[in-house]
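> take this sequence and fold it.
(chains A and B)
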Amino acid sequence: MIRDLFAKKLLLFCGTGGVGKTTTAAAFAIRAAKEGKRVGLITIDPARRLATSLGLDSLSSEPQDLSKQIKKELKFDGHLSALMLDSHDTLFKFLLKVGGKSAHDHFRDSRLFEIIAGNFAGTHDYLAMEKLFELHESGNYDLIVLDTPPARHTLDFLDAPDTIARFFDDRIFSWFMTDARSNSLTEKLRAKGAKAALRILEKITGEGVIKEFVAIAPYIYQVKNSFVERQRVIQALLRSNDAGAIFVSSPTDLARGEVRPFLEDAKRQKIEILAFLINRSLRHLAPDAASQHSVGDTIAIENYQQLRFLVEEEEKNTTLVRELAGGNQLVRSLPELDHDVHELQGLYSLAQLL
Amino acid sequence: MQADPKLAYSTLCMHKQLRALESCRLLVLTGKGGSGKSILAAALALLYAKQGKKVWLVEIGRKRDKNFSRLPEILSVDALQHTPTKISCGGASFEASILDPTQSLAEYLDMKLPTGGLAGILLNNRVTASFLEIVPGLPEMVSLGKIWHALVEKKDGPDIVILDGPASGHCVSLLHSPENFEKLTSQGPLHRDAFKMKEFLESRKEVAVLLTSLPEEMSLEESVEHHQILHKLSLPLLFVNKIFPKLGKLKEKSKDKVLQAAYDYSSERASREETAIEEFANENKKWPILEIPFFFPDETAPPLVERVAAHLEQS
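Purely as a prediction, here's the structure:
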């Protein structure tokens, strides 16, 4: 039952791009708000589509309260806030909170850190988890809905705490902690080995970047435990009964064989898949065999035959999903709407179809 | 059924925009997920292979990403690896790979460092894997580096590389990675290579980024945003893919309600798409569009990649 999903604390909307994932996640969030839940809706999609879906010009990295718009346009009281992940902002907020002003300022003034934090897609993965923690910890939400980037990257961010922890446990990081003040022989030997390793790295990267990294390494060391711990809280929540994933696909995309790898990925990450939403279904348009509709205008007949082709493919794919899913999950089709959804009212009509 | 474009291969009728790309050495396909990047990349690979070029079709993905790649299915092969696989289809052949960043990095280090010795011990597989995981942008940088090396530095490299790029935001990270690494490092081989790669990408003559979009308002708008972010690179063409066919007007309302509904849906969808494309074209006059129709599933037709390639030749 779709209602069971409203009782969760954290839901991930996954799927390839172009299937209406963002729109569906937003529609679901509105529906949950209608059910009386306090809902937080986040997108980490770098394509920034959530704002458009909500009929807004822009979204910031701080939750934007949509209660007034909902009251005005949809005539009900609902608590829904939406935000878009801003890695840079989330990171510095975390640094200030956990590391204090001096750590924050060191990071802020580090040119190296600025480039890493501001420019690379990978940082989104780490900071999506931190943002989820921030929202979860605030206690302001009963349900957090996360609209994730396209499928192949979807569950990657769940690896973030392990990746980071592994890196710090690894000797690589210790290479950069060269100013350890210990006088013990092991430490000195370690420092010597580290220096040799860094010299080899320098051969490739040049001296500057290594020096810069060495300069901020102690500050990274200072905050890393909190960073990893907070990530682990979310990782555990995602793997609990209070959370799960909803796979959104279109009838044609199902054919691309993306369901199977996604199921494997979810299994590896220990995430429960709660539902499959097949968006833009055309089934209602071609209810029976093409031969039953062969009298009439040739154009209409050809239209019908074309749709019939698509519906046959859709039916084949839906059956496959049901088989793969094993019967525990909700499999639901949503009809194709005759317009792009980019306002609350449109989203709400879609939400009612869920 | 919509008549399939007949499979006559003649480069003469190839769209002039596509001909303009002939001088390019690297074509990067990017766009929203589901907009047909992979199929267009494969069709372009086939098209250039037919002209006698040595083509390398490439996707970037770690081991577990391979499951999600569409290329094997499109090219009718079981799987693709880091090492190129020879693909024969539609009367031509070319090579295809899914580049693994871990292997690309290992190859790069091999080139730049003396073999064996301390370097080998310190920068072993586990260590490099750890760096790839933690340093944002490094997988992108080394993968792009591998392609650049094959095109520019290697002697017997391909004439042209078609990169089936990642979707929107991730492709921006990919294409900006040389610039970021150039900034990050102030000297050394990595800095020099990053600089050369950046120059190559921005050369405008040799590299073109081709965007793909669905014929929908939102998808087209996203292409414009994308265009703005990638302004330093050459973006000569937008493929608008999966355009629903317009079959003409019904003379009178059909008595069969199901047929009427099918007509209403199809003609409404076709008109909506037409309007979206027209509006886009009006607002972005300087940006040529190449339209690709919706190809309905058809077991009697040649593989989709050949149908799309044939369409590209004839447009």
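> what sits against residue A:97?
Residue A:97 makes no contacts at all, as judged by CB atoms under 8 Å, 6 or more residues apart in numbering or on different chains. In this view, the C-beta of every residue, glycine as well, is placed from N, C-alpha and C.
> redo that, cut-off 10 Å
A:104, A:134, A:223, A:226 (CB atoms under 10 Å, 6 or more residues apart in numbering or on different chains).
> so what's residue B:265 up against?
Contacts for residue B:265 (CB under 10 Å, 6+ apart) come out as A:282, A:284, A:285, A:286, A:303, A:304, A:307, A:336, A:338, B:244.
> name the member of the contacts of residue A:97 with the most neighbours.
The residue in the contacts of residue A:97 with the most neighbours, by other CB atoms under 10 Å in any protein chain shown, is residue A:104 (20 neighbours).
> return the distance of the helix or strand hosting that one from the chain's centre.
Per DSSP states H and E: residue A:104 is located in helix A:87-109. How far helix A:87-109 lies from its chain's middle: 23 Å, per CA atoms, centre = their mean, to the nearest Å.
> of the contacts of residue B:265, which one scores lowest on pLDDT?
pLDDT is lowest at residue A:338 among those; the value there is 62.
> just the buried ones from the contacts of residue B:265?
Burial by neighbour count, 16 or more other CB atoms under 10 Å in any protein chain shown: within the contacts of residue B:265 this picks out A:282, A:285, A:286, A:303, A:304, A:307, A:336, B:244.
> tell me the one of those residues nearest residue A:211?
Ranked by distance to residue A:211 (CB to CB), those are led by residue A:336 at 56.8 Å.
> and that closest one, backbone torsions?
phi -70, psi 130 (degrees, to the nearest 10).
> mind listing what it touches?
Contacts of residue A:336 (CB under 10 Å, 6+ apart): A:20, A:250, A:251, A:279, A:280, A:281, A:282, A:283, A:284, A:285, B:265, B:269.
> now swap in residue B:202 and tell me
Applying CB under 10 Å, 6+ apart to residue B:202 gives the contacts B:175, B:178, B:179, B:232, B:233, B:234.
> ok, and for the helix holding residue A:104, which residues are buried?
Those would be A:87, A:90-95, A:98-99, A:103-104, A:106-107, for helix A:87-109 by 16+ other CB under 10 Å.
> in TSV: these, plus distance to residue A:65 and pLDDT.
Below are the buried residues of helix A:87-109 laid out as TSV (distance: CB to CB, whole Å; pLDDT from 0 to 100):
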residue	distance to residue A:65	pLDDT
A:87	23	80
A:90	19	88
A:91	24	87
A:92	23	89
A:93	19	91
A:94	23	91
A:95	26	90
A:98	26	91
A:99	29	89
A:103	31	88
A:104	27	91
A:106	34	88
A:107	30	87
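> Throw the residues you listed into a markdown table and include distance to chain B, thanks.
What follows is the buried residues of helix A:87-109, written out as a markdown table (distance: CB to the nearest CB, whole Å):
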| residue | distance to chain B |
| --- | --- |
| A:87 | 9 |
| A:90 | 14 |
| A:91 | 12 |
| A:92 | 16 |
| A:93 | 19 |
| A:94 | 16 |
| A:95 | 16 |
| A:98 | 19 |
| A:99 | 19 |
| A:103 | 19 |
| A:104 | 20 |
| A:106 | 18 |
| A:107 | 15 |
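> rewinding a little: quick check, nearest of the buried ones among the contacts of residue B:265 to residue B:52?
Of the buried ones among the contacts of residue B:265, the one sitting nearest to residue B:52 (CB to CB) turns out to be residue B:244, at 35.2 Å.
> for the closest one, give me its contacts.
A:303, A:306, B:215, B:265-274, B:293-294, B:296.
> is residue A:157 in contact with residue A:271, as I believe?
No: counting by CB atoms under 10 Å, residue A:157 does not reach residue A:271; the two are 11.4 Å apart.
> okay, these two: which has more neighbours?
For residue A:157 versus residue A:271, neighbours defined as other CB under 10 Å are more numerous around residue A:157 (27 against 20).
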